[in-house]
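1. The amino acid sequence is not available; the structure is as follows:
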């Protein structure tokens, strides 16, 4: 139970509030709704057996262990591979998981990485469970109670920080007096990167200025990361300490690498288990390598291993005395692990104070104890995918804020429909962009052919998004293949929840065969996980296959998008979130092929406009033209 503060207090389960801002009340309520939905969705019992959870993409089973060892702070870590092409879009780096074999008590942990059929996870346990190498080993997604507790604490305390609460009310549209924090101007900006375009330079100058909160709106391919790296390097040059964050480890590492190459003294905090050598040397663990402290930690790990070995002499069937002795030995292991963590924390504080830039995910930063090392500027990348409460958790660590991203791409994932209906899937960027005057659009894209970018520019970006000169069309780059009248109807997938369309898969196969594109530069994406699972059975190992949601942030030369929906009612489901389509059609660099049923999608104004655009600027084909009959 948290202490009562001015009439407000709450416990881990139920939130009690008195005299709280209405939007804060709503966010807290949504956190609880999401927490309940996670518990329901991820449970494994008679009503939700293993087979069903596998079909829903919530369980990876069976796993084949390829390596075991003790990693960060001496926690047990497991590398594994999967012998089948699974649907893994819900398994993201940092996801809370449980490791289990049927019939045994699960062990909590965290997914460190998953790429293709290989992955790695960490267990929060003194040692590997005795059944870890038995047949039927699995991991399943689990409620992230740790992050939930951070969000509750953050929202519960926000009103008592006058500066942040003023910013909160500003972000949510209530009139406040805007505070200018310094008299610095952008006159002294001397650009390191001379290739920046005018809109990128303007954004850098604004970041180096004096606004308390700035939004850098970066549509796909507009060089947002390049712009942020230049701006952060300029801030560092001026003596400012910068905090860099993003919801995904991949985005954090991308910016961190750029800053390291730019000569900024960067500390990458959080999970460093899968960091490549360039990043690893700038993590606390990497900076301690070959030091006296690292040797001390190594000795502690040896001691922990000795106690573990002694404890493991007691197998599954043992008496009370043996059980007590085993428990005592594992307590010693836990104590040593705590000592290792304290040693790391002590020296991390020094690294934090010496760093010019500190980079990590919001949770990683929150846990790192940055409160003692307040930064002057927080740069939050992928802010369009950052849940609002998660952003407020790290806002106290800085005094100025740069939110970068694109609110016309997919928002944070929310499981609870009720929470989503109450606005919980609104990102911090989407909340701020409506009431923040300092919005800087990066207006030139360098990724895709002009005709591929054209529709998004018109529909989402008010025709302000231009294409670089070298991306002028040199032929036909966008096509729509219409399945209307073919009888290619949508149907339930194997999980009975998602949808698939076998006719569209046949068309995709025909396109691939006819075009002869380089498989390494080709991808197939769809909004429906069942269609993706079916595509993996046909195309696995040949091209990249993904849900649209998982493909956000990626790009490829040649892309096929399968819309799936085909029914007599004109029901397009969550295709109604046009941001998902914006993500889909802006992934291709050279060739974009969209397969769908115009009789189903054409009744919607967005898809009607896209069909008209494809017919005018590209090619419109009927599925009857393809040799699949």
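-> Received it, and whenever you're ready, just let me know what you need. Remember, predicted model here, so these are calculated numbers, not experimental data. Numbers count the residues shown, from 1 in each chain.

2. Could you tell me which residues make contact with residue 502?
-> 488, 491, 534 (CB atoms under 8 Å, 6 or more residues apart in numbering). (C-beta placed from N, C-alpha, C; glycine too.)

3. element containing the last one?
-> Remark: residue 534 resides in helix 529-539, with elements defined by DSSP states H and E.

4. Which strands or helices does that helix pack on?
-> strand 499-500, helix 502-515, strand 522-526, strand 544-547 (3 or more CB pairs under 8 Å, 6 or more residues apart in numbering; DSSP states H and E).

5. 10 Å instead, please
-> If you count contacts as 3 or more CB pairs under 10 Å, 6 or more residues apart in numbering; DSSP states H and E, helix 529-539 packs onto helix 50-55, strand 499-500, helix 502-515, strand 522-526, strand 544-547, helix 548-551, strand 556-562.

6. circling back: please check the contacts of residue 502 and keep the buried ones.
-> Neighbour-count burial (16 or more other CB atoms under 10 Å) applied to these gives 488, 534.

7. Quick one, which of the helices and strands packed on helix 529-539 gets closest to residue 191.
-> Set against residue 191 and scored by CB to CB, these come closest in strand 556-562, at 30.9 Å.

8. what's the most buried one of the helices and strands packed on helix 529-539?
-> Highest mean neighbour count among these (mean count of other CB atoms under 10 Å): strand 522-526, with a mean of 26.

9. Quick check: which helices or strands does that one pack against?
-> Packed next to strand 522-526, using 3+ CB pairs under 10 Å, 6+ apart, are helix 502-515, helix 529-539, strand 544-547, helix 548-551, strand 556-562, helix 578-585, strand 588-596.

10. Quick one: residues in contact with the third one.
-> Read it as strand 544-547. The contact list for strand 544-547 (CB atoms under 10 Å, 6 or more residues apart in numbering) reads 57, 85, 87-90, 116, 498, 519-529, 531-539, 551-552, 554, 556, 559-560, 580, 584, 587.

11. what do you get if the cut-off is 8 Å, keeping everything else the same?
-> Residues from elsewhere that reach strand 544-547 (CB under 8 Å, 6+ apart): 89, 522-529, 532, 535-536, 539, 554, 556.

12. for it, what is the average pLDDT?
-> Mean pLDDT, computed over strand 544-547, is 93.

13. Tell me which strands that strand pairs with, and in which orientation.
-> Next to strand 544-547 in the sheet, as set by DSSP bridges, lie strand 522-526 (parallel).

14. ok and the partner strand relative to strand 556-562, angle-wise?
-> 30 degrees (axes from the mean of the first three to the mean of the last three CA atoms, to 10 degrees).

15. how distant is strand 522-526 from the center of its chain?
-> Relative to the centre of its chain, strand 522-526 is centred 19 Å away, using CA atoms, centre = their mean, to the nearest Å.

16. re the thing from before, could you redo the helices and strands packed on helix 529-539 as TSV and give each row distance to residue 575?
-> Converted to TSV, the helices and strands packed on helix 529-539 look like this (distance: least, CB to CB, whole Å):
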stretch	distance to residue 575
helix 50-55	22
strand 499-500	11
helix 502-515	13
strand 522-526	11
strand 544-547	13
helix 548-551	10
strand 556-562	11
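
17. worst average pLDDT in these?
-> helix 50-55 (a mean of 87).

18. Can you tell me which one of the contacts of residue 502 carries the smallest pLDDT value?
-> At the low end of pLDDT for those is residue 534, which has 92.

19. Can you tell me which residue is spatially central in the protein?
-> residue 248 (4.0 Å; CA atoms, centre = their mean).

20. and it, what pLDDT?
-> Per-residue confidence (pLDDT) for residue 248: 89.

21. what do you get for the one 5 residues further on?
-> Predicted confidence (pLDDT) for residue 253: 92.

22. do the same with residue 310
-> On the pLDDT scale, residue 310 is placed at 82.

23. In stretch 478-494, which of the residues would be classed as buried?
-> For stretch 478-494, burial by neighbour count (16+ other CB under 10 Å) applies to 478, 479, 480, 481, 482, 483, 484, 486, 488, 489, 490, 493.

24. Kindly state the pLDDT recorded for the fifth one?
-> So the one you mean is residue 482. pLDDT, residue 482: 97.

25. Show me where the stretch 1-150 of the chain has its helices.
-> Taking DSSP state H, counting those that start in this stretch to define them, one finds helices in the stretch 1-150 of the chain at 22-41, 50-55, 145-157.
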